[in-house]
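Chemist: When you get a sec, could you give me coordinates for this:
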Amino acid sequence: MQEQAKTLVVAIDLSPAAGPVIEAAAWIAGASAGRLWLIHVAEPDPAFVGWKAGPDSVREHVSERFHAEHQLLQSHAEVLRRRGQVATALLVQGDPAERIVAESEKLGADIIVLGSRGHGPTYEFLVGSVAHDVLRHAPCPVLMVPVPANL
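Modeler: Numbers count the residues shown, from 1 in each chain. Model prediction:
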């Protein structure tokens with residue numbers, strides 16, 4: 001009996017810290033013939049959250065940033081595909097934890113992989129933690145990849 005390929009949702013922030021997270025997920029996917037969904041959650045569109053988008057220059061800046069994030073995310077997926085892995089890039093907007101959980105449910109994720117800088121309970125209390133919120137609401141197991149704070 002052949003085991004079905006696993007679906008891994010890999011949440012990344014596009015910082016240098018994404019590297020160790022992607023590599024951990026790629027290792028798991030390689031061992032399980034898994035499919036990787038690289039997901040980055042961009043800031044919501046200002047008009048969507050009730051802010052006025054402002055002059056054209058502001059809208060152009062937001063558009064350029066969104067386009068740059070999309071290109072970087074696609075390049076991460078392309079590197080994985082060149083290594084023989086099945087990888088798809090997905091750029092969405094909204095609250096990071098909510099969108100990661102929602103997309104994981106939609107994609108039928110078997111595991112969510114994300115990085116954690118481990119700032120500690122005081123930081124999480126004051127600022128919050130995407131990793132903590134995903135862990136609390138995830139529809140499947142979550143692999144937390146420790147990432148050095150200096151990345």
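Chemist: Only C-alpha atoms, please: export the helix or strand hosting residue 9 in PDB.
Modeler: Under DSSP states H and E, the secondary-structure element containing residue 9 is strand 7-11. Taking C-alpha atoms only, strand 7-11 is exported to PDB below (Å, rounded to 0.1, in the frame of the first residue of the first chain):
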ATOM      1  CA  THR A   7       0.700  18.600   2.200                       C
ATOM      2  CA  LEU A   8       3.000  21.000   4.000                       C
ATOM      3  CA  VAL A   9       2.100  24.600   4.500                       C
ATOM      4  CA  VAL A  10       5.300  26.600   5.000                       C
ATOM      5  CA  ALA A  11       4.600  30.100   6.400                       C
END
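Chemist: which other residues reach that strand?
Modeler: 21-22, 25, 28-29, 34-41, 96, 100, 103-104, 107-114, 130, 134 (CB atoms under 8 Å, 6 or more residues apart in numbering). Any C-beta I mention is one placed from the backbone N, CA and C, and that applies to glycine too.
Chemist: and what of stretch 65-74?
Modeler: 12, 14, 38, 40, 42, 89-91.
Chemist: If we use 10 Å, what do you get?
Modeler: Taking CB atoms under 10 Å, 6 or more residues apart in numbering as the criterion, the residues outside stretch 65-74 that touch it are 12-14, 18, 38-43, 45, 87-91, 93.
Chemist: Now it - C-alpha only, CSV.
Modeler: Taking Å, rounded to 0.1, in the frame of the first residue of the first chain, the C-alpha atoms of stretch 65-74 are listed here in CSV:
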residue,chain,number,x,y,z
ARG,A,65,6.1,46.2,-2.3
PHE,A,66,3.4,43.6,-3.0
HIS,A,67,4.9,42.8,-6.4
ALA,A,68,8.4,42.5,-4.9
GLU,A,69,7.1,40.2,-2.1
HIS,A,70,5.4,38.1,-4.8
GLN,A,71,8.6,37.8,-6.8
LEU,A,72,10.7,36.8,-3.8
LEU,A,73,8.1,34.2,-2.8
GLN,A,74,8.0,32.8,-6.3
